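Trainee: give me a model of this one.
(2 chains)
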Amino acid sequence: AQSVTQLGSHVSVSEGALVLLRCNYSSSVPPYLFWYVQYPNQGLQLLLKYTTGATLVKGINGFEAEFKKSETSFHLTKPSAHMSDAAEYFCARLGAGGTSYGKLTFGQGTILTVHP
Amino acid sequence: EAGVAQSPRYKIIEKRQSVAFWCNPISGHATLYWYQQILGQGPKLLIQFQNNGVVDDSQLPKDRFSAERLKGVDSTLKIQPAKLEDSAVYLCASKPRWDRGGDEQFFGPGTRLTVL
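Mentor: Below you'll find the model as predicted:
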């Protein structure tokens, strides 16, 4: 089954520190990959996406992610954390074939805490 | 451009009662999704509509859940009767046509259901 795994349900960083949220996927074909952010009591907002082309993808709020096919990874990074980055982050993949075609499959989420 | 609208935002019911959620997608978006997000997990697709037709309802517990999108615009998700394990956030999302950037889903704020 095609899946998405986020390593670490909770990540805590200091303000100004590097943010690294890990995501690995399983797929027999190069997938479309997404990172969404969810603030408390709100829906999901797209941070960035990888479809084709450049493997380093830049998104909103200073986030970026790199698609590494050899590692089946799509980790999310931000050089310097801000207090407003505290939220839950979801990695997702878009199904490319079979019964999962066109469906988004989400990881279990990573809660990011930023402390002063 | 207005976003995806959902109502109510919060609902508390007792088990075995019925409940209905409403979603109005972004204007012109043909595809509409309902997701269930249980606390601590990523969203799980319940049903996908293309215009007023069901594309995928394989994960919808059809003995108690139903959904419709009669005119291909807004949609209603119903649970009857509710169980304790239905406590979750119900997210609605919509997506434009493929040739109009249709690989991104836009999410509403969700309805938080608590079943007592």
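
Trainee: secondary structure element for the residue sitting nearest the centre point of chain B?
Mentor: In chain B, the C-alpha nearest the mean C-alpha coordinate belongs to B:Trp34, at 2.7 Å (CA atoms, centre = their mean). Taking DSSP states H and E as the definition, B:Trp34 sits inside strand B:31-37.

Trainee: can you list the neighbours in contact with that strand?
Mentor: A:104, B:23, B:25, B:43-50, B:55, B:67, B:69, B:75, B:77, B:88-96, B:102, B:105, B:110 (CB atoms under 8 Å, 6 or more residues apart in numbering or on different chains). In this view, the C-beta of every residue, glycine as well, is placed from N, C-alpha and C.

Trainee: beta-bridge partners for the residue nearest to the centre of chain B, please?
Mentor: B:Ile47, B:Cys92 (DSSP bridges).

Trainee: same thing with A:Phe67?
Mentor: A:Phe74.

Trainee: can you count the residues close to it?
Mentor: With neighbours defined by other CB atoms under 10 Å in any protein chain shown, the count for A:Phe67 comes to 22.

Trainee: ok, now A:Tyr101?
Mentor: 11.

Trainee: what pLDDT does the nearest residue to it once chain neighbours are set aside get?
Mentor: Sequence neighbours aside, A:Gly95 is the residue nearest to A:Tyr101 in space, at 5.1 Å (criterion: CB to CB, 6 or more residues apart in numbering or on different chains). pLDDT recorded at A:Gly95 is 77.

Trainee: can you tell me the number of residues neighbouring A:Gly95?
Mentor: 17.

Trainee: residue ranges with poor pLDDT in the chain?
Mentor: All of this refers to chain A. Along chain A, the parts satisfying pLDDT under 70 run over A:1-2, A:28, A:96-100.

Trainee: that's the other chain; I wanted chain B
Mentor: Checking chain B against pLDDT under 70 turns up B:1, B:98-102.

Trainee: burial measure for the closest residue to chain A within it, as a count.
Mentor: Residue nearest to chain A within chain B: B:Gly42 (3.1 Å; CB to the nearest CB). Neighbour count of B:Gly42, defined by other CB under 10 Å: 22.

Trainee: A:Asp85 too?
Mentor: 19.

Trainee: excluding its backbone neighbours, what's nearest it?
Mentor: Nearest non-adjacent residue to A:Asp85 (CB to CB, 6+ apart): A:Val114, at 5.5 Å.

Trainee: dump the residue contacts of the one you found.
Mentor: A:12-15, A:81-83, A:85-86.

Trainee: if you set the cut-off to 7 Å instead, what comes out?
Mentor: A:13, A:15, A:81-83, A:85-86 (CB atoms under 7 Å, 6 or more residues apart in numbering or on different chains).

Trainee: got the contact list for whichever residue of chain A sits closest to chain B?
Mentor: Scanning chain A for the residue nearest chain B gives A:Phe106, at 3.1 Å (criterion: CB to the nearest CB). Residues near A:Phe106 by CB under 7 Å, 6+ apart: A:4, A:90, A:92, B:42-43.
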